[in-house]
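Enquirer: give the three-dimensional model of this entry:
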Amino acid sequence: MTQNIIEILLVEDNPRDVEMTLRALKKRNLANKVQVVTDGAEALDFIFAKGKYSSRNLADGPKVILLDLKLPKISGLEVLKAIKSNETTKIIPVVVLTSSQEEKDLVESYKFGVNSYIIKPVDFDKFIESVGELGLYWLLINKPPV
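Expert: All right, here's what the predicted structure looks like:
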């Protein structure tokens with residue numbers, strides 16, 4: 001394992017949600033290796049080691065992607081579709097963490113291969129708890145292919 005492995009890729013454009021997510025992960029001691037990107041284009045660059053991330057080794061993570069659906073430049077659904085249609089990246093667990101309660105978004109996410117779909121709780125404490133449990137599950141409990 002190299003030092004640069006990113007365990008969690010957080011794809012979120014709302015600074016408040018980024019801060020709350022990082023706080024929740026930190027509370028569970030899971031915030032050491034988190035990369036935050038704020039739009040769909042940057043997410044794809046990071047995931048596929050392109051653009052400013054071209055020096056990144058594709059083998060160095062992420063172990064899980066927390067993906068908002070409503071993103072600037074490229075939508076979360078398009079990012080999900082790109083991840084799950086690529087042989088190298090399709091095994092990375094993707095958790096949609098969104099405020100969207102639209103049935104269409106839920107159905108499309110599962111059609112494209114999302115591993116989990118979670119609606120962000122409005123209540124701060126519930127949000128912190130949900131994200132903390134997500135991190136624990138995907139990083140410590142879940143057994144991914146190697």
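Enquirer: tell me where the protein has helices.
Expert: Using DSSP state H, the helices assigned to the chain run over residues 15-27, 40-47, 76-84, 103-111, 124-136.
Enquirer: which helices and strands sit right next to the fourth one?
Expert: The reference is to helix 103-111. Contact here means 3 or more Cβ pairs under 8 Å, 6 or more residues apart in numbering; DSSP states H and E; on that basis helix 103-111 packs against helix 76-84, strand 94-98, strand 116-119. In this view, the C-beta of every residue, glycine as well, is placed from N, C-alpha and C.
Enquirer: who are the packing partners of the longest one?
Expert: Under the contact definition 3+ Cβ pairs under 8 Å, 6+ apart, helix 76-84 sits against helix 40-47, strand 64-67, strand 94-98, helix 103-111.
Enquirer: picking up where we left off before, got a markdown table for the helices of the chain, with mean pLDDT, mean neighbour count and distance to residue 55 too?
Expert: Putting those into a markdown table (pLDDT from 0 to 100; neighbours: other Cβ atoms under 10 Å; distance: least, Cβ to Cβ, whole Å) gives the following:
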| stretch | mean pLDDT | mean neighbour count | distance to residue 55 |
| --- | --- | --- | --- |
| helix 15-27 | 89 | 17 | 24 |
| helix 40-47 | 97 | 22 | 12 |
| helix 76-84 | 97 | 22 | 20 |
| helix 103-111 | 94 | 15 | 31 |
| helix 124-136 | 82 | 17 | 27 |
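Enquirer: and residue 69, which of those helices is closest to it?
Expert: Nearest of the helices of the chain to residue 69, taken as Cβ to Cβ: helix 76-84 at 3.7 Å.
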